[in-house]
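Asker: mind folding the following:
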Amino acid sequence: MTRSLGQTSAWAILSGMKSLVANLTWLEVTSAWEKRDWFLLKQKVSLATLLDPQFEMFWEMGAWHLAWNAAYDAERRAKEQASPRAESLARHWIREGEALLRQGIAVLPQSYRLHYALASLLHHRLEDYAGAAEAYLAASQQPGALPFLERFAGYMMEKSGQLTRAYEHYCAIRQKAFLKNEPQSHWEKIDQRIAALEAQLNIPTAARCSQRFQPQVSIPSPHGQNTRH
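Answerer: Okay, here's the model as predicted:
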């Protein structure tokens with residue numbers, strides 16, 4: 001490693017300046033991206049994450065460069081040149097991006113952004129909907145996760161044919177919202193999915209979770225007091 005870094009960088013690392021060297025290395029990642037030198041870019045990304053594995057952005061952006069930029073470049077050449085090799089190379093870069101994200105998650109398991117990035121890659125680049133469902137679900141369970149991630153896990157469950165699981169997942173989300181007394185309008189899409197799956201799965205009316213989330217209506221009683229139903 002000393003030879004590849006050079007004497008100055010090696011001295012900096014030994015002096016406790018790994019983060020500084022990692023940032024300088026990332027400048028080389030940007031340069032490689034501009035030149036479309038994807039093999040050099042992968043080498044520099046690997047070095048940056050080695051030097052500063054706690055810096056989330058190195059993993060996230062490194063995977064983006066590989067699975068999206070490098071792969072798209074190979075896909076473009078595959079179309080222009082009708083080259084099976086370029087098409088295979090595109091798949092290679094997508095897998096490299098996936099591997100990098102999984103390495104990052106192993107180091108930073110509570111990073112919802114890395115789980116989200118993996119979910120997006122599996123969803124959009126590999127069309128692995130079952131894998132995407134697990135990654136979106138994992139992302140939704142991490143500190144600071146955005147609310148839509150939990151819903152996306154359900155969408156991917158549906159898309160991968162896990163209809164019963166998706167239904168139960170939506171019902172659990174809706175139950176939490178109901179208990180928190182969140183506005184009905186915030187959950188229109190979830191309510192639509194619940195209703196659609198109840199029909200598709202032929203769930204008996206009495207067992208439908210949607211029945212628990214109906215707004216209560218006040219009805220005048222014969223004694224002048226309102227009752228709620």
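
Asker: so which residues of this protein form helices?
Answerer: 2-14, 18-35, 38-51, 56-64, 71-81, 84-107, 112-120, 129-140, 148-159, 163-179, 188-200 (DSSP state H).

Asker: may I see the buried residues of the third one?
Answerer: This points to helix 38-51. By neighbour count with 16 or more other C-beta atoms under 10 Å, helix 38-51 contains the buried residues 38, 41-49, 51. (Glycine included, C-beta is placed from N, CA and C.)

Asker: low-confidence regions, this structure specifically.
Answerer: Scanning the chain for pLDDT under 70 picks out 1-16, 183-186, 214-229.

Asker: if we use 90, what do you get?
Answerer: 1-22, 77-87, 147, 175-189, 210-229 (pLDDT under 90).

Asker: let's have the buried residues of helix 38-51 in CSV, adding distance to residue 72.
Answerer: What follows is the buried residues of helix 38-51, written out as CSV (distance: C-beta to C-beta, whole Å):
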residue, distance to residue 72
38, 11
41, 13
42, 15
43, 20
44, 19
45, 17
46, 21
47, 23
48, 22
49, 22
51, 27
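
Asker: and for the residue positioned nearest the centre of the chain, nearest residue in space, chain neighbours not counted?
Answerer: A centroid search over the chain (C-alpha atoms, centre = their mean) returns residue 116, at 1.9 Å, as the residue closest to the centre. Spatial nearest neighbour of residue 116, chain neighbours left out: residue 139 (4.3 Å); criterion: C-beta to C-beta, 6 or more residues apart in numbering.

Asker: correct me, but residue 67 touches residue 94?
Answerer: Yes: counting by C-beta atoms under 8 Å, residue 94 is a contact partner of residue 67 at 4.7 Å.

Asker: okay, and the common contacts of the two?
Answerer: Taking C-beta atoms under 8 Å, 6 or more residues apart in numbering as the contact rule, residue 67 and residue 94 both touch 121, 125.

Asker: more crowded one of the two?
Answerer: residue 67 (28 against 23; other C-beta atoms under 10 Å).

Asker: what about the closest residue to the more buried one other than its chain neighbours, how many residues close to it?
Answerer: Spatially, and ignoring its direct neighbours in sequence, residue 67 is nearest to residue 97 (2.7 Å; C-beta to C-beta, 6+ apart). For residue 97, the neighbour count with other C-beta under 10 Å is 27.

Asker: report the contact partners of residue 97.
Answerer: 62-68, 70-71, 121, 125.

Asker: most surrounded residue in those residues?
Answerer: residue 67 (28 neighbours).

Asker: how close does that residue sit to residue 80?
Answerer: 20 Å (C-beta to C-beta, to the nearest Å).

Asker: quick revisit: burial of the residue nearest to residue 116, as a residue count?
Answerer: 25.

Asker: so what's it up against?
Answerer: Contacts of residue 139 by C-beta under 8 Å, 6+ apart are 112-113, 115-116, 118-119, 145, 149.

Asker: how about the contacts made by residue 71?
Answerer: So residue 71 contacts 90-91, 93-94, 97, 125 (C-beta under 8 Å, 6+ apart).

Asker: as JSON lines, those residues with distance to residue 181 would be great.
Answerer: Shown next, in JSON lines, are those (distance: C-beta to C-beta, whole Å):
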{"residue": "90", "distance to residue 181": "49"}
{"residue": "91", "distance to residue 181": "48"}
{"residue": "93", "distance to residue 181": "47"}
{"residue": "94", "distance to residue 181": "43"}
{"residue": "97", "distance to residue 181": "41"}
{"residue": "125", "distance to residue 181": "39"}
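
Asker: from those residues, pick the one nearest residue 22.
Answerer: residue 97 (19.3 Å; C-beta to C-beta).
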